[in-house]
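Turn this into a model:
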Amino acid sequence: MKLEKVPSNKVPLSEMIGPVADEDPGLPGAQDKNDYLQYRDMEPDELEQYWSKPFSVKSHMGYWGYPVGERVRMTHSPEDFNTKPDSVRSLISQFFLDESLVTRFVELNSLEHEKGLDFFSMDRGLFLCFLFENIGPRLAQVFQPHIEKLVGSPEESQQRAAAEMVYGVVRGLRFWDYKSAQQAWCWLLPVFQQVLNSVTLETQQDWDYCFSGASNKADPNRLRPMLELLVTPENLVSQGAFKESSYLLFVTNCLSQNWKVRELYIRTYNILRSHWDHPYNNVRHHIANTLATLLAMDIPLRGANRQDWNVGKGFPTKKMFIDEVIPMLNLHYHNPEFSKDETPVSGTTTPLIKEDTPNTSSEDVSMTTDTEDEETKKSNRILETVSLWIQTQIRVSSATISTEMFRILPYLCQFIGTETDQDVSQSCLQALCYLSVVILSDHAIQPMLDMCKKIAQSHSYKTKMSLLEYIQVSVFTNFPKVVINSHYREQVQSLVLNMLQDENLSVRQKASKVLGGLLHSGFIE
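Numbers count the residues shown, from 1 in each chain. Here you go, the predicted structure:
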């Protein structure tokens, strides 16, 4: 059938973007010259006009220049799907346009082969995609009643079959004309809504493959109905932990690494802003994963002629997020380096969410009032979300960490070893481990040391113990960069020696072990 597929309707790239000069592509990322590729609001008339223009489904095109001699797609007209009587495509079309044969086909494909091992098949999904691309809108009308029936079934195998068919329809309609595509979306939207309302643990992975696969290699403006349905605040309100987690999973995988949907990144970030302290632990994990995806585009470029250039122009930034959450966190132990209104490192003043929300406290948490207890729980949940975000951000990104992330260190160090909330304590410990083993860029060493010196002024011995662990691992992870600079060596040595004079015995013992490691490695001559 690949040999007999509908011929692609392609035109030169210049018809989409105008004349392409053979010159240096400049800097990568979202910028004014490729803004026309971005997802944006359009009225129906404007969308119809947009639909008739050339387009590309290749995600890399325009991000950093254009390939030489590239050609782009045009949509197929209904006449393109007409076939010659005895062609291979005609024979295949006759089979799949026969409702009785399709009923049998769907029945066989929705059978359960082995309990618990019957997963979404990408091979079947791509086969169906190829059918819808080459037979056209008529095939969607034949499959519509079967898909609607399967989506309403509680059977895992039938949900899996429905996910494969929906994947095929959405992938296939990328190249249909505007009228045919909108007719398909009219019945696909209720299908997607039913999926969001009735997804189960057994079917979550199948629909995840469907959503993420359907949004891959596509012009996001041609998937507008599906994306608009997903990115809505109502899906995170009173839906229950599992449904809200599933919704975040679908959204994350639809938006992941898609630089053409800046508007949806911003909209999703604004939806999550009121849920940093979500009461469900599982949902907080998924919020952190989604947040890591939303902030992954925040990548500054350094080097000659690249000052202050960020490939994620207009996308949410790590600084924006940290500026927002810092005032919501509590330092449970007094530290003279951090005032009530001043956020660590940046020295900027950030408005507090509430006037009575403490940012520093020398009192034990257990001695506060009921109102303060509730505020403390909220702060702890936000800290857990931030900790989970740090882990995911470092894990999924190939870029070095932002110096803004060091502003979270005081809150992570104070919570390790705390018995009041084990989940938060473990999350902070893991986040601190991730931060300590990151290879830092040259410009990040000094901000890290500056923050460590400030944290060392804390009145909490647990904070100092955690800080020494962090310094030990971070210095040895970045040993060449630190040891080659005498100014860095002096600061690390001074910090450890000051800890040897601490009033707490445990801190002195830990500092002596770190000092021994520095001497043994030749860090201190």
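
same question for the helix or strand containing residue 467, mean pLDDT?
Assessed by DSSP states H and E, residue 467 sits inside helix 461-477. Average pLDDT, helix 461-477: 92.

now do stretch 293-311
79.

Touching that stretch from outside, list them.
Outside of stretch 293-311, the residues within contact range by Cβ atoms under 8 Å, 6 or more residues apart in numbering are 27-30, 252, 255-257, 259, 265, 268-269, 272, 312, 315-318, 321, 389, 393, 396-397, 399, 402, 441, 443. (C-beta placed from N, C-alpha, C; glycine too.)

filter the residues you listed to the buried ones?
28-30, 252, 255-256, 259, 265, 268-269, 272, 312, 315-318, 321, 389, 393, 397, 402, 441 (16 or more other Cβ atoms under 10 Å).

Identify those among the residues you listed that sit within helices.
252, 255, 265, 268, 269, 272, 318, 321, 389, 393 (DSSP state H).

ok, so of these, who is nearest residue 289?
Relative to residue 289, the closest of these is residue 252; by Cβ to Cβ it sits at 5.7 Å.

That closest one contacts residue 291, correct?
No - in this structure, residue 252 is not within contact of residue 291 by Cβ atoms under 8 Å, at 9.2 Å.

Look at residue 171 and report its pLDDT.
92.

burial count for it?
By the criterion of other Cβ atoms under 10 Å, residue 171 has 24 neighbours.

so it sits right up against residue 214, yeah?
Yes - counting by Cβ under 8 Å, residue 214 is a contact partner of residue 171 at 6.0 Å.

shared neighbours of those two, anything?
Overlap of the contact sets of residue 171 and residue 214 (by Cβ under 8 Å, 6+ apart) is empty.

where does this structure dip in pLDDT?
1, 19-25, 116, 238, 303-307, 339-372, 418-419 (pLDDT under 70).

tell me what the host helix or strand of residue 107 is packed against?
Using DSSP H and E, residue 107 sits within helix 99-109. Judged by 3 or more Cβ pairs under 8 Å, 6 or more residues apart in numbering; DSSP states H and E, helix 99-109 is in contact with helix 88-96, helix 137-151, helix 156-172.

The protein: strands as residue ranges?
10-12, 71-73, 300-301, 309-310 (DSSP state E).

so which of these comes closest to residue 188?
Judging the strands of the chain by Cβ to Cβ, what sits closest to residue 188 is strand 71-73, at 21.2 Å.

For the stretch 351-500 of the chain, just list every one of the helices.
For the stretch 351-500 of the chain, the helices defined by DSSP state H, counting those that start in this stretch occupy 370-396, 409-415, 422-436, 445-455, 461-477, 479-483, 486-499.

So what's the residue count around the closest residue to residue 288 other than its chain neighbours?
Excluding the flanking residues, the one nearest residue 288 by Cβ to Cβ, 6 or more residues apart in numbering is residue 388, at 3.4 Å. Residue 388: 23 surrounding residues under other Cβ under 10 Å.

Please look at residue 388 and residue 285 and confirm they touch.
Yes - proximity of residue 388 to residue 285 meets the contact threshold set by Cβ under 8 Å, at 5.8 Å.

wait, what's in contact with residue 383?
329, 411, 412, 415, 424, 427, 428.

If we use 6 Å, what do you get?
By Cβ atoms under 6 Å, 6 or more residues apart in numbering, the contact list for residue 383 reads 329, 411, 424.

Kindly report the same for residue 192.
Contacts of residue 192 by Cβ under 6 Å, 6+ apart are residue 229.

okay, now the residue lying closest to residue 474 once chain neighbours are set aside: neighbour count?
The shortest distance from residue 474 to any residue other than its chain neighbours is 4.7 Å, reached at residue 436 (Cβ to Cβ, 6+ apart). If you count neighbours by other Cβ under 10 Å, residue 436 ends up with 19.

just the one 3 residues further on next, same as before
Burial of residue 439, expressed as a neighbour count using other Cβ under 10 Å, amounts to 11.

what are the phi and psi values for it?
Backbone geometry at residue 439, expressed as degrees, to the nearest 10, gives phi -80, psi 120.

roughly how far apart are it and residue 477?
6 Å (Cβ to Cβ, to the nearest Å).

what do you get for residue 125?
Shown here: residue 125 relative to residue 477, a distance of 42 Å by Cβ to Cβ.

Check residue 449 too.
Separation of residue 449 from residue 477 (Cβ to Cβ) stands at 14 Å.

Between these two, which is the more surrounded one?
Legend: neighbour count by other Cβ under 10 Å for residue 449 and residue 477, higher for residue 449 (21 against 14).

Could you tell me how far the more buried one is located from residue 231?
For residue 449, the distance to residue 231 - Cβ to Cβ - is 41 Å.

Over to residue 84?
Counting by Cβ to Cβ - residue 84 and residue 231 are separated by 44 Å.

between the two, which one's more packed in?
Taking other Cβ under 10 Å, residue 84 and residue 231 do not tie; residue 231 has more neighbours (20 against 9).

which residues touch that one?
By Cβ under 6 Å, 6+ apart, the residues touching residue 231 are 264, 267, 268.

so who does residue 276 touch?
382, 385.

Could you tell me the phi and psi values at it?
According to degrees, to the nearest 10, residue 276 has phi -60, psi -30.

Which phi and psi values does the spatially closest residue to residue 9 that is not a sequence neighbour adopt?
Spatial nearest neighbour of residue 9, chain neighbours left out: residue 74 (4.2 Å); criterion: Cβ to Cβ, 6+ apart. As for residue 74, its main-chain torsions (degrees, to the nearest 10) stand at phi -120, psi 150.

contacting residues for residue 74?
By Cβ under 6 Å, 6+ apart, the neighbours of residue 74 are 9, 11, 54.

Got a quick PyMOL command for the buried subset of those residues?
In PyMOL, this line selects whichever of these come out buried by 16+ other Cβ under 10 Å:
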select buried, resi 54
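
Next one: the residue nearest in space to the middle of the chain from residue 287, what distance?
The residue lying closest to the centre of the chain (Cα atoms, centre = their mean) is residue 293, at 1.6 Å. In this structure, residue 293 and residue 287 are 11 Å apart, going by Cβ to Cβ.

Repeat that for residue 119.
26 Å.

which of those two has more neighbours?
Taking other Cβ under 10 Å, residue 119 and residue 287 do not tie; residue 287 has more neighbours (24 against 13).

give me every residue that touches that one.
272, 275, 385.

any idea how far it lies from residue 447?
When residue 287 is compared with residue 447 (using Cβ to Cβ), they lie 27 Å apart.

give me every residue that touches residue 262.
By Cβ under 6 Å, 6+ apart, residue 262 lies in contact with 30, 38, 314, 315.

got a list of what the closest residue in space to residue 109 that isn't next to it in sequence touches?
Computed as Cβ to Cβ, 6+ apart, the closest residue to residue 109 that is not its neighbour in sequence is residue 161, at 5.1 Å. Shown in contact with residue 161 (Cβ under 6 Å, 6+ apart): 109, 110, 150.

how many other residues sit next to the first one?
So that's residue 109. By the criterion of other Cβ under 10 Å, residue 109 has 18 neighbours.
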